[in-house]
Each structure stands twice: as C-alpha cells, then as structure tokens.
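Student: what's the 3D shape of this:
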Amino acid sequence: MKIVNYIPTASFFVGGGERVPLEQTKYLKRLGVDISLMTLKTSKETDVFKTFKKENPDIPILYLEATHMIKGFANVELTHELTHEIYLSLTRQANAIISKNDFDVAITHYAPGAFSVPNNVHQVLFLHGVPKEYQKINDIALNHADQLVAVSNSVKQGWIDLFKYNGEIEVIHNGIDTEKFKITEEVELDIDILYVGRLIEIKGVQDLIKAIGITNKKQKDLIKSAHIVGTGPYREELEKLTKSLNLDSIVHFDGYVEDSDLLDFYRRSKVCVFPSYAKEGVLTTLLEASSFGKAVITSNCCGMTDLVRDGFNGLLFKPQDSKKLSEKLLMVLQDKNLQKKLGKKAREEIVKNWSWESAAGRLLNSIKNSYA
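Tutor: Residues are numbered from 1 along each chain as shown. Okay, here's the model as predicted:
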C-alpha cells in the first residue's frame, strides 16, 4: 500500500493542523508504510518543517509549486477562507502528482483538499474541527471522500449535525510524542499560567485575561506571571484588554517561539490554560501540556472533554465564563498538592492512551480495513 499525506500548509505555517499530519507521516513510516508527504514549496520554511525533514530523511517530500494566487498571499494572515482558496488553486497540480506517483491512498486534512484526489485513489479525509457555518463545498467534500475520520467525538457530531450527514465517521484521536514532551529535570516554576495557541477570538484568551484580573482581586498577587505564547490577528485586541485591566506587568505576550523554547515554557509553568469555546478537536497544546504532567484547565466543550475528566486529570469550566475560570485558577494555584495530583494523572492518561505510536496504529488498521 502506497500512501501520500497531503498538507500544503505544512511547509510555511505552524499550527495543530500542520503538526498532526507531520507526526502521522513520521509514525506511519515507522510502522513500515510506504508514505510520502506532499506540501507547498516556499522560499521560507518553518523550523518545525525543517526539523521534520532533517529527522526523517527517508520520507519523500513531493513539492507543489506556488500558483500566482498563492504568491499574492505572502505575509497575509492564514484564515479558513484563505486556506480554502489555497487548496482549490492547487487542485489540478496535486491531482496530477498523486496520479503520476501511483498512490493507493491519499490522506487529506481540509475539506477542499478532497477534490485534489483522483477518483481511483482511496481518500481518507480528516476532520480536525467543525466549520462555523454550512458551506456547500464542505458538504460535497464529505460525500467525495471514501473514508472520514474525526479527531474527536464532538467534531464528529458537529459535522453530522451541520451537514445532516448519515454516513460513517470514525473517531481517531491525535497523539503526542510522550518522550519529547516530558519532564526530564526539575526547574523553577516561575510561570503561574501558560497559554499556547493561536490568537484568534474562539481560543478564548480574552476570557483568560479577564479571569486573571478577577483572581487577583480576590487573592492579591496570587498570579504574578502569565505568558501568552502564539501569534494571530486578535493579539492587538488582547493587548488592549490587558492594558485596560492594568495587567501589563503580569500578562506577557511572547509571540511565536521555537520548539526548544516552547518546551522550556511548559517546564516552567504551574498551570496551563486552554479556554477555547468553539470548533476545536482535542487541542495539540492540551496534549502537550498533559504529557508534561502539568495541571491543565480547559473549557468543557468541543473535543477537550475526550481527554479531560474534571477533578481527575484536569479541571473544566463553562466556556466564555471568566468567573468560573477564575474559580478554577484559585483552586489549583492555591493548592500545590492538587497541581501535582492533576499533573500526575494527566501524564498517566497520555502515556496510556494518547501516544503517537498507538494513534498511528489505529489509523493504519482503519485504512487497511476500509481500503480492502
């Protein structure tokens, strides 16, 4: 069986939707699969992609040439609408490359990518999140793919509800590199709160900032250091909010950081907070923090509840409710034993059920069963 994993944004953009296909490809290769990665050729590559190539020289990279349309996208924020356009502009080129290389199976990660796969090639379409609203192109993609895989139960149900889809959608959770994301030595925990992710409205960072303000009014100086790691179009609004609440000395916007620095941020943190309220699967950053054995707080919506059980391996709060989030922050920051307990259980759950080895194995078995 010859497989291609198609993710054009992997070379120039860093997000959960890009990291997951790279890890899938790496671990499927370790299972003996003849697999290639197909992505866009760009003048500047992310450090994540460079590292992937360096560590996996035996995985062929098939490059798509940037179209005139894509060249005009340089330095433009990558939105869902723009991603749609990128995929559609590459349809004919991607189709030709897949046909030329005689692939048996193509894995795609964005609904419009479905149209890049020839009809005689078995297509596995991954559903990483739920669209904001109904779009005909997504509906057509669902019925064009041979096999649908959702990354969480909520994502599966979201597509079923939005598109009235009555076919089969299998749930296969993403995994995490449990050796990379683990504590190897004790360090000073000088970061009270850590958020890692894109700075867009649905990530709920504004609710976290408000919760920090509420918390410090209840317990003066409890939170001395909160770090927001990531980039996105909502940063300016978040910085304005931070200033208006007089939290400039507490909340730090670190922007994009390299992987080695990101690991250090996780190591130094007491609590990791992921307040998303819409569209998400199981956040890669939530998996990373849990793998590090950190106490995590996240909203009780989307795919986060597939991993987190409230009070056992993390804490859950009502989405977009800063007061409830503040209560959880007070609870865990005032109780070091609770921090350790939640972190320990989080790490145990990740090692047992969320490694990339097991995730890749489930995916391969699913493809074999469907392809046969």
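
Student: going forward, measure contacts and count neighbours with C-alpha atoms only.
Tutor: OK.

Student: Can you name every helix or strand that the helix or strand harbouring I367 contacts?
Tutor: Using DSSP states H and E, the element containing I367 is helix 356-371. Applying 3 or more CA pairs under 8 Å, 6 or more residues apart in numbering; DSSP states H and E, one finds that helix 356-371 makes contact with helix 16-30.

Student: Show the subsequent helix or strand relative to the helix it packs on.
Tutor: strand 34-40.

Student: tell me which residues of whichever helix or strand comes after that following strand are tucked away?
Tutor: Note on strand 34-40: by DSSP H and E, the next helix or strand toward the C-terminus is helix 47-55. The neighbour-count check on helix 47-55 (16 or more other CA atoms under 10 Å) flags V48, F49, F52 as buried.

Student: Confirm for me that the first one is in contact with Y256.
Tutor: No: the criterion here is CA atoms under 8 Å, and V48 misses it with Y256 at 12.0 Å.

Student: Run through the residues that contact the closest residue to L330 other than its chain neighbours.
Tutor: What sits nearest to L330 in space, not counting adjacent residues and going by CA to CA, 6 or more residues apart in numbering, is T215, at 6.6 Å. Listed by CA atoms under 8 Å, 6 or more residues apart in numbering, the contact set of T215 reads L222, I223, S326, E327, L329, L330.

Student: what does N353 give?
Tutor: If you count contacts by CA under 8 Å, 6+ apart, N353 has none.

Student: quick one: it and T178, what's the gap?
Tutor: Note on N353: its distance to T178, by CA to CA, to the nearest Å, is 11 Å.

Student: Can you give me the buried ones in the helix or strand where Q206 lies?
Tutor: In this structure, Q206 sits in helix 205-218 according to DSSP H and E. When burial is assessed from 16+ other CA under 10 Å, helix 205-218 yields the following buried residues: V205, Q206, D207, L208, I209, K210, A211, I212, G213, I214, T215, N216.

Student: got JSON lines for those residues, with distance to Q93 and pLDDT too?
Tutor: Converted to JSON lines, those look like this (distance: CA to CA, whole Å; pLDDT from 0 to 100):
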{"residue": "V205", "distance to Q93": "38", "pLDDT": "98"}
{"residue": "Q206", "distance to Q93": "41", "pLDDT": "98"}
{"residue": "D207", "distance to Q93": "43", "pLDDT": "98"}
{"residue": "L208", "distance to Q93": "43", "pLDDT": "98"}
{"residue": "I209", "distance to Q93": "44", "pLDDT": "98"}
{"residue": "K210", "distance to Q93": "47", "pLDDT": "98"}
{"residue": "A211", "distance to Q93": "48", "pLDDT": "98"}
{"residue": "I212", "distance to Q93": "49", "pLDDT": "98"}
{"residue": "G213", "distance to Q93": "51", "pLDDT": "97"}
{"residue": "I214", "distance to Q93": "53", "pLDDT": "97"}
{"residue": "T215", "distance to Q93": "53", "pLDDT": "97"}
{"residue": "N216", "distance to Q93": "55", "pLDDT": "96"}
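
Student: Columns distance to L37 on top of those, output as TSV?
Tutor: Converted to TSV, the buried residues of helix 205-218 look like this (distance: CA to CA, whole Å):
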residue	distance to L37
V205	33
Q206	36
D207	38
L208	37
I209	39
K210	42
A211	42
I212	42
G213	45
I214	47
T215	46
N216	48
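
Student: re earlier: please state the mean pLDDT value computed over the very next helix or strand once past the helix holding Q206.
Tutor: Downstream of helix 205-218, the next assigned helix or strand under DSSP H and E is strand 226-229. Averaging pLDDT along strand 226-229 yields 98.
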